[in-house]
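Student: Predicted model follows, preceded by the sequence.
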Amino acid sequence: MTENQLHERLEAVPVPPSRVDVAGLLRAGRRRTRRRRALQAAGSIALVTGVLVGVPLLTPKPAPKAAPVAVVPSPAPSPVTTGKASCVMTKLAVPKGIKDVIAEAVDPTGKYIAGNGTIGQDFRGVLWTGGRAEALPVDGDSVQASAVNEHGVVVGLLTENNRDSVFRYENHKLTKLRTPSGSWTIYPEPAINATGDIVINLEPLGNSGGKDSFAVIWKDGATTADRLPLPEGANVHAILDDGTLIGSIYRDGSAVAGYAWDKQGKGTKLKVPDGQSAAAYAGRGEWVTGGLWPAQEVALWNLRTGELTRPGKEGPADTVNGEGWVVAGGSVWHGEDEVRLAAPAGQGGNAMAVSDSSLVVGSAVSLTGDKEPVGPRSWQC
Amino acid sequence: MRPELERQYVEYVQGRLPRLHRTAYLLCGDAFQADDIVQATLTSLYTNWRKASAADNLDGYVHRIMVRRFLDEKRRKWSQVLLGDRLPDDGRAAAPDVEQRDEVLTALRALPKRQRAVVVLRYFHDLSVDATAEALGCTAGTVKSQCSRGLATLREVLPMATAEGTR
């Protein structure tokens, strides 16, 4: 038997049909990415903690077991004063039984923080109210908090039998929100404003790259979604307190430009430099942030002036506060200055969001070994 | 993943899925395990797509993940747990009669796992000795010796090819 004959015989082996398809891979990949996004440390951590060399090693105390509501003051070193601002770290309590908890969102006032931990492959949402931690009720396989507003209303994704739906958590009650009839992939994560309006995008199940997708809104208190009157290819990622919708237009799966739309769907295209494409992912007040391609840079637009600022940082940015501070890749940027997040020696700070009150939330990560998250933290800057 | 990157991923995966599935099946000889390996490999690729797609040899990267999934029993079992609620259990993949009746598959399954991986990558995927060594994380010399032994074993257990060279 020659090598060619072996090749032909291997080609001729009858292979049973596969259950793996592209749609299933996308669902699994998106889900894994959401987990990893919460668990991964940012590449810039080493840069931030470089200034902490020489600080005595401090071992954080474990969170209290009996009363998972108290915030444990961090034994962090004095704030580091390098950079635009210096920020003192605080350890956030973790509800019993939940692992790998990370703070992922904060309301504009800094009073409410939302985050997630894991049990096995599933998320467990956590809400901190003035430092008091509570686990969100588990009404499905996975409950993942993605945003919280200044009234303490949390929104996120509820997964049951491998199907996602949007939930609202308010006054200790979790409510599943209905989508229009049909089978949808819901992505990426719901956003909420001060009024309680919730937005997200729906894509017909089995499609990819946003094909035939559209944005929906649950108006304050509603459990039934309305389709937003936006142009073809529009995806919404945030909603401002005045109802302005922040998002991007996609063509053939690629972002073309960021937009701000009013409730009637009238859009303002955000400035795009020559030779670049842009996408807008978040907004607050007069600020919108996102990224530029192929530059892969942070983009920061001002809705009042129309000006685009390029701080020259690796993007895209994930969130922005009312002062124009952006969070990108685990770091916080104020203009070109990095906001320094203090941490004990051997640890770094991984930022996920920042409030108007300059409260940064995220996690501390170990700088040794695999850079795993150590626990949820906030930093008051 | 951003939509533009996801579109690139879909294009890549759509073009390679059938071949990757066949490779996985030749490696493990089990329909369910083959699905697990492919799903775990391509889910991992999804989460690393931005970096992986910029690599010089994306196919080599995918082969490396796939072979290591196959060789790493713990990971494979982990992926099966993960897949428990991922793949529709539609029964299509069971087909035990198909698995049992193919003599080539039976002969492959008799080879040690690493030797089998070398044979499949070299003679089904037509990878070079160096590319196979990279996928398995071993030296070119090891690939050559494993290849030689594997081929010799297959020649002993498989009947001579017909005039058409396939059966």
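Tutor: Ah, there it is. Please read these numbers as outputs of a predicted model, since none were measured by experiment.

Student: sec struct for the spatially most central residue of chain B, please.
Tutor: By C-alpha atoms, centre = their mean, the mean C-alpha position of chain B lies nearest to B:Ala24, the distance being 3.2 Å. Secondary structure, DSSP: H, G, I helix; E, B strand; the rest coil: B:Ala24 is helix.

Student: these two touch, right, it and B:Val67?
Tutor: No. Judged on C-beta atoms under 8 Å, B:Ala24 makes no contact with B:Val67 at a distance of 9.8 Å. For glycine as for every other residue, the C-beta is placed from the backbone atoms N, C-alpha and C.

Student: Chain A versus the residue nearest to the centre of chain B, what's the distance?
Tutor: Going from B:Ala24 to chain A by C-beta to the nearest C-beta, to the nearest Å gives 9 Å.

Student: Next up, the contacts around that residue.
Tutor: By C-beta atoms under 8 Å, 6 or more residues apart in numbering or on different chains, B:Ala24 lies in contact with B:33-35, B:37-38, B:41, B:66, B:70.

Student: Top of those by number of neighbours, please.
Tutor: Highest neighbour count within the contacts of B:Ala24: B:Ile37, with 29 neighbours (other C-beta atoms under 10 Å in any protein chain shown).

Student: That one and B:Asp30 touch, don't they?
Tutor: No. Judged on C-beta under 8 Å, B:Ile37 makes no contact with B:Asp30 at a distance of 9.5 Å.

Student: Count the residues that sit near the nearest residue to B:Leu71 once chain neighbours are set aside.
Tutor: Spatial nearest neighbour of B:Leu71, excluding adjacent residues (C-beta to C-beta, 6 or more residues apart in numbering or on different chains): B:Lys113 at 6.0 Å. The number of residues packed near B:Lys113 is 14, by other C-beta under 10 Å.

Student: Next up, phi/psi of B:Lys113, please.
Tutor: Dihedral angles of B:Lys113 (phi, psi; degrees, to the nearest 10) stand at phi -60, psi -50.

Student: I'd say it and B:Arg68 touch.
Tutor: No. Using C-beta under 8 Å as the test, B:Lys113 is too far from B:Arg68 to be in contact (11.5 Å).

Student: Look up how far A:Leu25 lies from A:Ser86.
Tutor: Relative to A:Leu25, A:Ser86 is positioned 44 Å away (C-beta to C-beta, to the nearest Å).

Student: go on, B:Ser145?
Tutor: 36 Å.

Student: Of these two, which one has the most company?
Tutor: Set B:Ser145 next to A:Leu25 and count neighbours by other C-beta under 10 Å: A:Leu25 wins out with 24 against 13.

Student: That one touches B:Ala40, doesn't it?
Tutor: No. Between A:Leu25 and B:Ala40 there is no contact under C-beta under 8 Å: 10.4 Å.

Student: quick one on the thing from earlier: just the ones of the contacts of B:Ala24 in strands?
Tutor: Using DSSP state E, no member of the contacts of B:Ala24 sits in strands.

Student: ok, now how distant is the residue nearest to the centre of chain B from B:Ile65?
Tutor: Distance, B:Ala24 to B:Ile65, by C-beta to C-beta: 11 Å.

Student: now swap in A:Thr309 and tell me
Tutor: A:Thr309 is 39 Å from B:Ile65, by C-beta to C-beta.

Student: So these two - more neighbours on which side?
Tutor: Per other C-beta under 10 Å, whichever of A:Thr309 and B:Ile65 has more neighbours is B:Ile65, with 20 against 17.

Student: Please name the residues that touch that one.
Tutor: B:Ile65 makes contacts with B:41, B:44-45, as judged by C-beta under 8 Å, 6+ apart.

Student: mind listing what residue 150 touches?
Tutor: As the question left the chain open, I've gone with chain A. Contacts for A:Glu150 were tallied using C-beta under 8 Å, 6+ apart; they are A:107-109, A:111-112, A:194.

Student: look at chain B instead
Tutor: Applying C-beta under 8 Å, 6+ apart to B:Gly150 gives the contacts B:111, B:115-116, B:118-119.

Student: Among the residues you listed, which ones are in helices?
Tutor: Within the contacts of B:Gly150, residues falling in helices by DSSP state H are B:115-116, B:118-119.

Student: Chain A next: which of those are close?
Tutor: The residues of the ones in helices among the contacts of B:Gly150 that also fall near chain A, by C-beta under 8 Å from any C-beta of the partner chain, are B:Val119.

Student: how far out from the middle of the chain is stretch A:191-200?
Tutor: 15 Å (C-alpha atoms, centre = their mean, to the nearest Å).

Student: Name the residues that touch that stretch?
Tutor: If you take C-beta under 8 Å, 6+ apart as the criterion, stretch A:191-200 is touched by A:108, A:146-151, A:153, A:155, A:166, A:168, A:177, A:186-190, A:215-221, A:228, A:236-241, A:243, A:245.

Student: which residues of chain A score low on pLDDT?
Tutor: Along chain A, the model assigns pLDDT under 70 to residues A:31-32, A:34-85, A:120-121, A:162, A:206-209, A:252-253, A:369-372.

Student: what about chain B, any weak spots by pLDDT?
Tutor: Low-confidence segments of chain B (pLDDT under 70): B:72-101, B:160-167.

Student: how is it carved up into domains?
Tutor: For chain B, the structural domains run B:1-95, B:102-159, going by automatic domain parsing.

Student: Tell me which of those approaches A:Gly322 most closely.
Tutor: Closest approach to A:Gly322 among the domains of chain B (C-beta to C-beta): domain B:1-95, 25.5 Å.

Student: now the closest one: how far from the chain's centre is it?
Tutor: On C-alpha atoms, centre = their mean, the centre of domain B:1-95 falls 9 Å from the chain's centre.

Student: Buried residues in stretch A:337-349, which are they?
Tutor: Going by neighbour count (16 or more other C-beta atoms under 10 Å in any protein chain shown), the buried part of stretch A:337-349 is A:338-344, A:346-349.

Student: Closest one of these to chain B?
Tutor: Closest approach between these and chain B, by C-beta to the nearest C-beta: A:Gly348, at 20.6 Å.

Student: Name the helix or strand for that closest one, please.
Tutor: strand A:347-354 (DSSP states H and E).

Student: Note down every partner strand of that strand and its orientation.
Tutor: Paired neighbours of strand A:347-354 in the sheet (DSSP bridges): strand A:359-366 (antiparallel).

Student: just the angle between whatever helix or strand comes next after the strand it pairs with and strand A:359-366, please?
Tutor: Once strand A:359-366 ends, the next helix or strand along the chain (criterion: DSSP H and E) is strand A:373-380. Angle of strand A:373-380 versus strand A:359-366, following axes from the mean of the first three to the mean of the last three C-alpha atoms, to 10 degrees, is 150 degrees.

Student: Residues contacting strand A:373-380, please?
Tutor: So strand A:373-380 is contacted by A:39, A:41, A:60, A:63, A:74, A:87-92, A:94, A:100-103, A:106, A:110, A:113, A:115, A:126, A:341-343, A:347, A:349-351, A:358-366 (C-beta under 8 Å, 6+ apart).

Student: residue boundaries of the helices in the chain?
Tutor: Unless you meant another one, I'm taking chain A. Taking DSSP H, the helices of chain A run over residues A:3-12, A:22-39, A:45-49.

Student: right idea, wrong chain: chain B
Tutor: B:3-28, B:31-47, B:49-52, B:58-71, B:73-83, B:96-101, B:103-109, B:113-119, B:129-136, B:140-157.

Student: Let's have those helices in TSV, adding distance to A:Gly324.
Tutor: Below are these laid out as TSV (distance: least, C-beta to C-beta, whole Å):
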stretch	distance to A:Gly324
helix B:3-28	26
helix B:31-47	31
helix B:49-52	26
helix B:58-71	38
helix B:73-83	40
helix B:96-101	61
helix B:103-109	61
helix B:113-119	53
helix B:129-136	46
helix B:140-157	55
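
Student: what would the contacts of B:Ala24 look like in JSON lines with distance to B:Cys138?
Tutor: Formatted as JSON lines, the contacts of B:Ala24 follow (distance: C-beta to C-beta, whole Å):
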{"residue": "B:Gln33", "distance to B:Cys138": "22"}
{"residue": "B:Ala34", "distance to B:Cys138": "23"}
{"residue": "B:Asp35", "distance to B:Cys138": "26"}
{"residue": "B:Ile37", "distance to B:Cys138": "19"}
{"residue": "B:Val38", "distance to B:Cys138": "23"}
{"residue": "B:Thr41", "distance to B:Cys138": "19"}
{"residue": "B:Met66", "distance to B:Cys138": "16"}
{"residue": "B:Phe70", "distance to B:Cys138": "14"}
